[in-house]
Structures are given as structure tokens and as C-alpha cells.
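*Asks:* everything below, folded, please.
(2 chains)
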Amino acid sequence: MVKAELIKKSPLRIFEKSTHGGVGKGNIGIIAARNGVGKTACLVHIATDQLFQGKHVIHVSFSSNTSHIISWYEDIFQEIAGRRNLEEAMQIHDEIIKNRVIMNFSQQGISIEQIIKSLESMISQGAFAADCIIFDGYSFSQGDPDDFDRLKQFAARLQLELWFSASLPDEEYETDERGIPTVFLPYIDKTAILITMNPAKGHIRLELKKDHDLADTQDLHLKLDPKILLITEEA
Amino acid sequence: MNNQNMRNIGISAHIDSGKTTLTERILYYCKKIHAMHEVRGKDGVGATMDSMALERERGITIASAATNVEWKKHSINIIDTPGHVDFTIEVERALRVLDGAILVLCAVGGVQSQSITVDRQLKRYNVPRIAFVNKCDRVGADPLKVKNQLHEKLGHNAVLMQLPIGLEDKFVGVVDLVRMKAVYFDGAGGSEMRIEEIPQELQQDANEKHEALLDAASMFSDELAEGYLEGSVTPEQIIQAVRAGTLQCRLTPVFMGSAYKNIGVQPLIDAVIAFLPDPTEVQNTALDLDNNEATVELKSEKSLPPVALAFKLEDGQYGQLTYIRIYQGEIKKGVELYNSRAQKKFRVGRLVRMHADNMEDIESAPSGDIVALFGIDCASGDTFTDSAMNYSMTSMFVPQPVISLAVKPKDKKSEDNMSKAINRFSKEDPTFQSYVDPESNETIIKGMGELHLDVYLERMKREYKVELETGMPQVAYRETITRKVEFNYTHKKQTGGAGQFARVAGFIEPCEEEEYLFVDAIKGGVIPNEYIPSCDKGFRKALQEGALLGFPVVGLKVTINDGSYHPVDSSDIAFQQAAISAFREIYRKAAPVILEPIMKVVVESPNEFQGNVFASINQRRGMIVSTTEDTAFSQIEAEVPLSEMFGYSTVLRSISQGKAEFSMEFLRYGRTPQSISEQLIKEHEAQKKKN
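*Replies:* Okay, here's the model as predicted:
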């Protein structure tokens, strides 16, 4: 398969169709799940899909070691390239990794202003024309809804698409009538897309809980295959 | 001396974490020196381990000298390892002979980029290590943060063995978490230790950390685990368990102090004895050259034939001094040894034990020991055995030089001295190489980076009084092909005398796995077997110089599948020539490209200059791979072509008010962008015309 076809056949096109064009520039998307369900895999798949399209991605993480994040990207790339039998995979790999940068922050003591400032220096002084920023491991319980305002302004100003992962509590949690976990309610107005990941039989179902300003959300018919850790279509 | 009472240790560290001062203090407490000096001391004497004037001036240690000290009836050989990444071959060679190491970290700076490099090297050679957090007296000192960084950044199972009593200018001593006592350092140079009860305000913290220590250590000892459950634990049990974990490289005990203020050094020397291995606890192997390089285990028994490795050469006042590590048997003055690389026998004239600047003559040295020989002609890395065995210690990983520089002596005397100096340096350091360019007749020196060559140029000037002019540094490019093409070439010569005839046919194609592969697919003897190696040899010769820039061609596979010969006129030379010409004829058709060395560059910078660093990397065609940022510092990891890195240290200083620093090591060869390639080819053509 050549690259163009691979992009066309990506399950993420289904996501974009169901959500009327995806998260969109200047907006924020959240993937929420309990720990260990596969949020990072989903985010890395989304990022890799963007990279395939020639877009630039900054991956923001809040751990101290970057090597395991790089391995995530390597694994997801190999998995996609292998399954789709991608032609000239090595060359495409070498091209797209140039468009990815990983920025790590230890969240204790680091303000959202500092994070935004560093991202801006990467984009302007580092001449890294980012299209999408992935925030993996941002702590919503320690965070502040005002942070989201700042991030949304920043995204709007630089025309960026932001994706967050969010941990859901391990115990039972409350949801509102739309099925949105109440922990996200302070953030929900600032969020364009909210997807939750729910264990179903043998796989993880991706459920759309918020789709921009629409009252009804469509069924995504997408799942995360826990064996290969890729987003795939539901059979 | 008994083997069990011996330690061979290195002190590995980031520049400026105070390694030289620490070494100095260890020598002082072990009564090897009578006065202490500072690295950049006003008295102009300099710390004893920095034996070279240049190092003294720069305040850094370049060459690894070995020195022997005695502590509580144990003999400790200290190998002073250099801290800068540009001299990694020195570090790696020193690591080869170590059994354990002290990883020195700065209580303020913590785990910095070079600490990471140094630690990775220690890991590669499986060297057990203990950590010493130095400079606890400095403003901003935080040994607990450093302990956490050991865990987070280096993946160590770090466990506190001590707690600081006070910090910064109030730092006065340490709490020993094994014996649960406070230790203070009194008297001249802190040489008297005063043991007291733990101060009230630290008691609770000490109890918690003591529990954490027991928790971590009981993983490595059933005895301790049982004692822990029963509530009766002895210090000996803890020490034994921590030792077991350390030797397996699964536990890193963390000590702390301030070498400068004479706090915490003696407990550290005790820890070397208690937690680092003796030579019998380390497995060493050699290769048997007579048995197809089979691995043989070396045993430190005295009765076995000797095996020793020459790991360091030095120019002494009375000729060449060769530092050796003995791995098996015993070496006595007057015995005959065999150099397995040079295949030469020699006699041990003088055997000495080294202190940093003086030496002691000895009659014999047992296995495990580190001593020096006098007046032996050999190279660094040579193995000595008795002549009955043909062993070689495992060949060390030697990277290829990535940078070269033309040097021109100003007069005849300088020319003579320069060749002496180059000869010496290339023996000491295999990554430093030289050759005479046949076209320009210039001497070219090659090395691992700008600073690496700078240091040798400085040494030529100072130690050998060489006056010279240097050219611009040149990058070691490579060429490779990107397309498969077929060849079919007939070499024919019939001009009087014996003729020459050979025909070779086949194809060349890109090959990612190997630098060069030769495949013989000849069927039916169209090229006789005896000439196949000639074809291989011809291709190898042709690959030495690519047509684009004249640099070696790598990453290709040659397959020969057809050819013809003549019963009289074919010869080894004819087939070699046919291969060379075949390659030259089709090379351009195989879409050759230029490869350049790409360096892994790690910059440490205060956050305020982060943007400047990003810009500086971007301007250098660099690719930022990742950044790691805390509230004060950023670490930026990037891949940058070597050709763009010249003068970077000056640039980095100026864009960060001198506060950022970087390290750099060779990563891989990468394809040069089209525009740069064209420029390089143009320059090469112009140069060729000029000659």
C-alpha cells in the first residue's frame, strides 16, 4: 500500500466523519479512560496519523524519561506499516520522525504558563511548525479549569489542535445525563470532543460523549484492539 | 596482599562536580599526600591527580592515571577517569579495568547530560557503582532530589545510605542510616570523625529513610528479610545485603558530603571497601587467538599463567610507562612476557606501583592488581601473557574518527617533534589517527571531535614544543549508492609481454545492514575459484574512494554472477583491475549520495535560554528529538550534522551567558541534503583542479 492510500483507509477518517471534521484547529479533544486501558496508545495512533499526513506534532508528557514515549511511536508505526504493508516504510519513517518532537515536563511546580512558553519557543525559535499537540498524562485532578482557558486561547492563536488524555477514577464515578463523567464538567465547555474508552467483550469501545456543540453524538463504531494497541473499526 | 583486600575503582563524573577535589581528599586521608590543594588553587600546585599541565590549567582531567592507596588494610587502585565526552575512548579504556566505580554527582546540578553518558558507559561494562552526592555545602544543594534523579533519569534503584545534617552553608555532617548515628568531621582537614546521636529534629526523617533502606536491601538477602520481620537487624546484615544488590548492579547506595569542606569522604572510602567488588568477584574473559577466538574465563589464581592488559601509556621522565591490569596469575620483575598483538616477547625490567606523581619499585604483583611497567614498547590495548598462551583480552569498542585536520609544522625541528608526538598519541588513543595525504603531502590528524583534536594540538605545543599551522577541520563524509545497477566489464591489455584478460559481470545494490558485502554467485567456473578473492579485493580497493568527494563508499552489496577468463592472460591483478574498472564505470549510474556524520547532541540549559538553544539547533540543520524540563533547567536532545557543530561551544556560551553546556557523541551516518551535497561536490572539484 502506498502512503496516500494508507491515510485514506485509516480508521481515524471514520472518526473525522462522525465528528464533522474532527477536533479542528483551535480546539481541544480529550480521551478519557481508567488507567491501563490504552489512552497513550490511542493518542500515539492519532499523532502518527497526523504525521503520515505530513503534519507536525509536539508530544507533551509529564514523565521524566522520554525513551519509552519514543518506543511507543516506534511500535505503533511498525504495527501500522506492517499491517498495511506500507511501501518504502523506512524512508517514510525517517521523514515523519523529523516532524515529531517530545517535550517533557514534571508537573509538580511547572505552571501552564511555563509549558505554553516552552511550546511557543519550540514553534517560533525552534521553527517547528506544529499542527497538533498531544498532552499525555496531564492531571485533571491537580489541574485547574482556568488552565484550559489559557490553552484554548493559545490553540486558537496558533491554530493548533490539542489532544489530552485524562484518567478516570478506578472506582465507580458519576456521570451526567449525557454520560459525561462529572470530573470533566468544569472543563467540558472548553472541550470540543470527549471520547471515553470502555472495556467491552475482548476489546475497548471508543464512545463519543461530546461532539462540538451538537446535542446528539453519533456512534463512532471504533474500538481499540488490545492485542495490537491500534484503533480499528468495529466489526 | 590478599585478593579480597583489593579494590580497583574509578571515580566517574560530570565536569565540575568536584571529582578531582574528591580524589585529592581520598589521597590525603589515605596518607598518600601531605597537603591538600584545590583544583584551581591559588598556590599553583593543583590537585595531585591532574598530572598534566594542560589539565591543571583547564581545571579538568584528561588522561587517566592510576594511583594506589591503602585504607584499613585494603589496597585501593584509583583510576582517574576523564569526564568529558570528547575523550570517551580514555573513559572506556579505564572502565575496562575497573571493578567498581564511584559516580560523583553535584548536589546542585544533579544528574546532568554527561552524568548520563558516563553512567551509560559504566552500565555497558557492567560496573557496579555507588553514588556520592558532592557539594552539599553549595547554595541550592538538594541531595534528595539528586537521589530521585538517579532513579528517574538513570533508572537506578537508588537508596539513601546517609542523610545530610544541615545543608548549604549549614552543612556539618551526615546521618549514617545503617548504624543510625550522626557523623561529624573535626580536626585539621576533617580527619577526625566524631560519632554522636542523631539530632532530635532529624530523628523521624532518619527512621523513615532507615526503613526505606531496609525495604530496598532485604530484596537481596533472606537473612536480612527475616531479621527485618522479626525486628532484629544488625548493621552487618544490612551491609551484606546492600553489597549483594550493588554487585548485581541492581542497587545503588547513595552517599553524600562535601569534599571541599572535608565532610563525608572517609565514610565513602569505607563504602568502597564495603560495597564494591574485589577482583575475584568480577568475571573476566579473554579470547584465545589459537582457538578461533574462543572465549576463555580468567581466574585470579596466582599459580596460573599471567594475563595482563596494557590500558594506558604515559611518557615518563625515563621513557614509556605502561599501566597494566593483571587478570590472571602473577607478574614478577625479570620474567619474560609475550605481547599477543605484536607477537613479540619482552622482559619485565622494572615493575612499579604508581602514585599520581611518584612511584615505588616492587618485585611482583598479583592478579587483580594495577601496576606499571617501564620501557616496554607496546600500544594501548595490548595483551601480555606468557608465551605458551596466545590470549587477547576482548577487543574494545573503538569508534571511527569523524573529524580530520591538516597540520603543518613551521620548521624542521617542529616536524621531527610532531612525528614523535603523533606517534605517541596514536599509541595512547586509538581514536586519534594520522596519515599523510599523498596528493597534498600534508599530515592529517583525525579524531572524535573538535575538542579532542584541540587537546592533542595543545599537548604538541606544550609537551613537544611543536610550532604548527592548522587547517580547517574536515568532516569524514561517506558515500553510498541508492539504486541497483548491473555491471559487465572486460579488462584486456595486449601491449607486448604477457597480456592481461579478465571479465566480471553482476550487479551492485544498496545494503543497509553491512558496510560491504561480497556475494559470489558464479556458476560453472566461468571465473576460476582462485580469482574470486581477486574480484573481492578489487571492489574493496575501488570502494576506498568514491567519485563524488573521494570518501569511502559504504553500504553496498556486490554480487558477481558471470565473467570469463583466459588460460594464459588471466591473473590476480587482471581480475582486481577488472573489478575496479567495473565499479568505476557504473558508480554514477547507481545514484550515489553523500553521507555525513550525525551527532547526538545534548544541551543542558537554564529554562530562560531554552528558546535560544532551540534556535541554535534549528540553524544548524538539527532535529530536536526531545526536551525535558523542570522548574529551572531544560535538557534538549537533538541530532545535528557534525559539519554544523564547529564552534558550537562558543556560540552556546554567548547565547546563554555561559550557563548552558553540551555534550556530543557520534550517532550514525545520515544522508546529506541535495543542496549541501552539490556545494560539497563543487568544492571538491575546485580543490582537485587546484592541485
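*Asks:* ok, residue B:14 to residue B:658 distance?
*Replies:* Residue B:14 is 17 Å from residue B:658, where distance means CB to CB, to the nearest Å. Glycine gets a C-beta too; all of them are placed from N, C-alpha and C.
*Asks:* any idea how far chain B is from the spatially most central residue of chain A?
*Replies:* The centroid of chain A falls nearest to residue A:43 when counting by CA atoms, centre = their mean (3.5 Å). Between residue A:43 and chain B the distance is 16 Å, computed by CB to the nearest CB, to the nearest Å.
*Asks:* that residue sits in which helix or strand?
*Replies:* helix A:39-52 (DSSP states H and E).
*Asks:* do the same with residue A:33
*Replies:* Assigned by DSSP H and E, residue A:33 belongs to strand A:28-34.
*Asks:* in its sheet, what does that strand sit against?
*Replies:* strand A:161-168 (parallel), strand A:193-200 (parallel) (DSSP bridges).
*Asks:* ok and that strand relative to helix A:39-52, angle-wise?
*Replies:* Put simply, strand A:28-34 runs at 150 degrees to helix A:39-52, going by axes from the mean of the first three to the mean of the last three CA atoms, to 10 degrees.
*Asks:* in strand A:28-34, what counts as buried?
*Replies:* Neighbour-count burial for strand A:28-34, counted by 16 or more other CB atoms under 10 Å in any protein chain shown, picks out A:28, A:29, A:30, A:31, A:32, A:33, A:34.
*Asks:* out of the residues you listed, who's nearest residue A:161?
*Replies:* Set against residue A:161, the nearest of the buried residues of strand A:28-34 by CB to CB is residue A:29 (7.3 Å).
*Asks:* just grab the bridge partners of the closest one for me.
*Replies:* Here residue A:29, judged by DSSP bridges, has bridge partners residue A:163, residue A:193.
*Asks:* equivalent analysis for residue B:373, please.
*Replies:* Residues in beta-bridge contact with residue B:373 (DSSP bridges): residue B:322, residue B:351.
*Asks:* state the pLDDT value of it.
*Replies:* pLDDT recorded at residue B:373 is 90.
*Asks:* count of neighbours near it?
*Replies:* A total of 24 residues lie near residue B:373 under the criterion other CB atoms under 10 Å in any protein chain shown.
*Asks:* still on that earlier bit, make CSV out of the buried residues of strand A:28-34 and add pLDDT.
*Replies:* Output for the buried residues of strand A:28-34, formatted as CSV (pLDDT from 0 to 100):
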residue, pLDDT
A:28, 93
A:29, 93
A:30, 92
A:31, 92
A:32, 90
A:33, 90
A:34, 88
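*Asks:* columns distance to residue B:378 on top of the residues you listed, output as TSV?
*Replies:* Below are the buried residues of strand A:28-34 laid out as TSV (distance: CB to CB, whole Å):
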residue	distance to residue B:378
A:28	67
A:29	66
A:30	66
A:31	63
A:32	67
A:33	64
A:34	64
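*Asks:* spatially nearest residue to the residue of the stretch 251-400 of chain B found nearest chain A, not counting backbone neighbours?
*Replies:* Here the stretch 251-400 of chain B gets closest to chain A at one residue, residue B:252, 16.5 Å apart by CB to the nearest CB. In space, and not counting its chain neighbours, residue B:252 is closest to residue B:156: 4.2 Å by CB to CB, 6 or more residues apart in numbering or on different chains.
*Asks:* can you map out the strands along chain A?
*Replies:* Ranges of strands in chain A, per DSSP state E, are A:28-34, A:57-61, A:100-105, A:132-136, A:161-168, A:193-200, A:203-211, A:222-225, A:230-233.
*Asks:* can you lay out the ones you listed as a markdown table showing distance to residue A:152?
*Replies:* What follows is the strands of chain A, written out as a markdown table (distance: least, CB to CB, whole Å):
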| stretch | distance to residue A:152 |
| --- | --- |
| strand A:28-34 | 6 |
| strand A:57-61 | 15 |
| strand A:100-105 | 19 |
| strand A:132-136 | 12 |
| strand A:161-168 | 8 |
| strand A:193-200 | 13 |
| strand A:203-211 | 15 |
| strand A:222-225 | 25 |
| strand A:230-233 | 25 |
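*Asks:* now for those strands, which one comes closest to residue A:155?
*Replies:* strand A:161-168 (5.0 Å).
*Asks:* what's the angle between that closest one and strand A:57-61?
*Replies:* Using the same axes, to 10 degrees: strand A:161-168 against strand A:57-61 is 30 degrees.
*Asks:* same question for strand A:161-168, mean pLDDT?
*Replies:* 91.
*Asks:* send over it as CSV, restricted to the C-alpha atoms.
*Replies:* C-alpha atoms of strand A:161-168 as CSV (Å, rounded to 0.1, in the frame of the first residue of the first chain):
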residue,chain,number,x,y,z
GLU,A,161,-5.3,21.1,17.5
LEU,A,162,-4.8,19.9,21.1
TRP,A,163,-5.4,16.4,22.4
PHE,A,164,-5.5,15.4,26.0
SER,A,165,-5.6,12.1,27.8
ALA,A,166,-7.5,12.0,31.1
SER,A,167,-7.6,9.4,33.8
LEU,A,168,-10.9,8.3,35.2
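*Asks:* list the contacts for residue 191?
*Replies:* Using chain A. Contacts of residue A:191 were listed using CB atoms under 8 Å, 6 or more residues apart in numbering or on different chains, and they are A:28, A:29, A:30, A:148, A:184, A:210.
*Asks:* wrong one, I was asking about chain B
*Replies:* With contact taken as CB under 8 Å, 6+ apart, residue B:191 is in contact with B:29, B:185, B:262.
*Asks:* any idea how far the second one is from chain A?
*Replies:* Going from residue B:185 to chain A by CB to the nearest CB gives 34 Å.
*Asks:* how many other residues sit next to the residue of the stretch 301-450 of chain B found nearest chain A?
*Replies:* Closest approach between the stretch 301-450 of chain B and chain A, counting by CB to the nearest CB: residue B:402, at 20.4 Å. By other CB under 10 Å, the residues close to residue B:402 number 23.
*Asks:* can you list the low-confidence ranges for chain A?
*Replies:* Applying pLDDT under 70 to chain A picks out residues A:64, A:107-109.
*Asks:* quick check: residues of it near chain B?
*Replies:* Residues of chain A lying near chain B by CB under 8 Å from any CB of the partner chain: A:64-66, A:69-70, A:90, A:98, A:101-106, A:109-110, A:114, A:118, A:121-122, A:124-128.
*Asks:* of those residues, which belong to helices?
*Replies:* A:69, A:70, A:90, A:114, A:118, A:121, A:122, A:124 (DSSP state H).
*Asks:* which ones are touching the third one?
*Replies:* To tie it back to what came earlier, the one meant is residue A:90. residue B:512.
*Asks:* tell me the secondary structure at whichever residue of the stretch 451-600 of chain B sits closest to chain A.
*Replies:* Residue nearest to chain A within the stretch 451-600 of chain B: residue B:512 (7.9 Å; CB to the nearest CB). At residue B:512, secondary structure determined by DSSP: H, G, I helix; E, B strand; the rest coil is coil.
*Asks:* look up the closest residue to whichever residue of the stretch 1-150 of chain B sits closest to chain A, ignoring the ones flanking it.
*Replies:* Of all residues in the stretch 1-150 of chain B, the one sitting closest to chain A is residue B:149 (8.0 Å; CB to the nearest CB). In space, and not counting its chain neighbours, residue B:149 is closest to residue B:111: 4.1 Å by CB to CB, 6+ apart.
*Asks:* any idea how far the one you found lies from residue B:151?
*Replies:* 10 Å.
*Asks:* of those two, who's got more company?
*Replies:* Comparing residue B:111 with residue B:151 by neighbour count (other CB under 10 Å), the higher total belongs to residue B:111, at 25 against 16.
*Asks:* that one touches residue B:147, doesn't it?
*Replies:* No: the pair residue B:111 / residue B:147 is not scored as a contact, 9.9 Å apart, by CB atoms under 8 Å.
*Asks:* mind listing residues that contact the helix holding residue A:43?
*Replies:* By CB under 8 Å, 6+ apart, helix A:39-52 touches A:3, A:6-7, A:10, A:12, A:31-33, A:57, A:59, A:72-73, A:76-77, A:80, A:92, A:96-97, A:99-100, A:131-132, A:134, A:136, A:163, A:165-167, A:197, A:206, A:224, A:229-231.
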